[in-house]
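>>> need the 3D shape of this:
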Amino acid sequence: MAGMTSTARPHLNRRLAEFGTTIFAEMSALATATGSINLGQGFPDTDGPEEIREAAVRALRDGRGNQYPPGPGIPELRTAIAAHQLRRYGLSYDPDAEVLVTAGATEAIAASLLALLEPGDEVVALEPYYDSYAASIAMAGGRRVPVTLRPSFGEGARFRLDLDELRAAVTDRTRLLLINTPHNPTGAVLTRAELAAIAELAVERDLLVVTDEVYEHLVFDDAEHVPLATFPGMRERTVTIGSAGKTYSFTGWKVGWVTAAPELVTAVRSAKQFLTYVSAGPFQYAVAEALALPDAYYDDFRRGMRARRDILAEGLTQAGFEVFQPAGTYFITTDIRPLGEKDGFAFCRALPERAGVVAIPNAVFYDDREAGAPFVRFAFCKREEVLREAAERLRGM
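Okay, the predicted model is just below:
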């Protein structure tokens, strides 16, 4: 009897079978096809500081980074990352042993999970979560255990973490907590009290923690970003992930980083070297200069993004959405049930024709699709005139 041919089974392995084309690709294609305003994918429609762009051009012309950069990242960038962590948060890292440059935060997440997980290990993650989390856990052979952020409604509506639910999710099989704050897609920013409780749990149960902090400089109103690594007992067990793309509006450069204790960085680097090996040579020099920008840059950046948030939030409210005012990131999550809708996928696929605007259904960020069904995410990292036009279109739908 002939053996089974290689084409008799699916080409995509079982670990990734649940992951098809990302919703971002689908909705961006829909935006192009319909000429809609794309408030789905989270990238700015203007570039970052001119002097940082010129720093990249200068690096190219001077021949810096045009060949393979060092595997851990160029020394100038690793030093700048360490200086940033010390200046902003009082966290001291050795640039040579405790900093690793990656191809954006997405590679940092993947490399961390591939390095730190064994097949069958459980990862407790805050749901809804960035879609690469689920894929990276699957590639590592881990098992994701979601803890769902629950919405509160009315004045001050936001998504909240149930600490009792988080504690109950940890079992003897739990290896790692995957924490994202400021949180995409809900815009929640974990409080000091919440972070202290997470730190206490991690120390008590001897857990590793990977923290995605790429929106660290985008917190609004009374919210503050506090790195989990600053809490007692956490520096030695926390892998902190940062990114230049969100902070400096150069998302295409794909420059991210990891800061952690030497043994954790060594582990993550062992996985990272077989993913991209190295990346973004000339851009690393430019990001090193960006990290040294004065506090005024971050204040202006945050102020400008808050103004954009308020423009879109007001327009969405006037259009009839329930708006969860984000305390961080550049996303607004809305509830479509006040509009008589309940299926975010159907709503988002119809929205370009109805209103000429593209958004993302939050259900793609949930294991429990029903829990995320009525929620839709809009990005406000666009020019103010674009946001006003989008708001006008939504009000007229």
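>>> residue 191: how many residues sit nearby?
Neighbour count of residue 191, defined by other C-beta atoms under 10 Å: 16. For glycine as for every other residue, the C-beta is placed from the backbone atoms N, C-alpha and C.
>>> likewise residue 193?
Neighbours of residue 193 (other C-beta under 10 Å): 9.
>>> now do it against residue 387, distance only.
Residue 193 is 33 Å from residue 387, where distance means C-beta to C-beta, to the nearest Å.
>>> next: residue 24.
Distance from residue 24 to residue 387, by C-beta to C-beta: 19 Å.
>>> neighbour-wise, which of those two wins?
Taking other C-beta under 10 Å, residue 24 and residue 387 do not tie; residue 387 has more neighbours (25 against 16).
>>> SS state for the more buried one?
helix (DSSP: H, G, I helix; E, B strand; the rest coil).
>>> how about the one 4 residues further on?
Secondary structure state of residue 391, per three-state DSSP, is helix.
>>> now residue 69: closest residue in space, sequence neighbours ignored.
Distances taken as C-beta to C-beta, 6 or more residues apart in numbering place residue 281 nearest to residue 69, at 4.4 Å, with adjacent residues excluded.
>>> confirm for me that residue 326 is in contact with residue 184.
No - assessed by C-beta atoms under 8 Å, residue 326 is found out of contact with residue 184, at 9.6 Å.
>>> who has more neighbours out of those two?
residue 326 (31 against 25).
>>> need the longest helix for this structure.
Criterion DSSP state H: the longest helix present in the chain is helix 295-318.
>>> which parts of that helix are buried?
297, 301, 305-306, 308-309, 311-313, 315-317 (16 or more other C-beta atoms under 10 Å).
>>> OK, contacts around residue 306?
220-221 (C-beta atoms under 8 Å, 6 or more residues apart in numbering).
>>> flag the shaky bits of this structure, pLDDT-wise.
1-7 (pLDDT under 70).
>>> do a quick rundown of the helices in the stretch 51-200 of the chain.
Under the criterion DSSP state H, counting those that start in this stretch, helices of the stretch 51-200 of the chain are mapped to 75-89, 104-116, 131-139, 163-169, 192-204.
>>> just put the ones you listed in CSV and tack on distance to residue 273.
Shown next, in CSV, are the helices of the stretch 51-200 of the chain (distance: least, C-beta to C-beta, whole Å):
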stretch, distance to residue 273
helix 75-89, 16
helix 104-116, 9
helix 131-139, 16
helix 163-169, 32
helix 192-204, 27
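>>> which of these sits most buried?
helix 104-116 (a mean of 24; mean count of other C-beta atoms under 10 Å).
>>> chain center to that one: distance?
Relative to its chain's centre, helix 104-116 lies at 12 Å (C-alpha atoms, centre = their mean, to the nearest Å).
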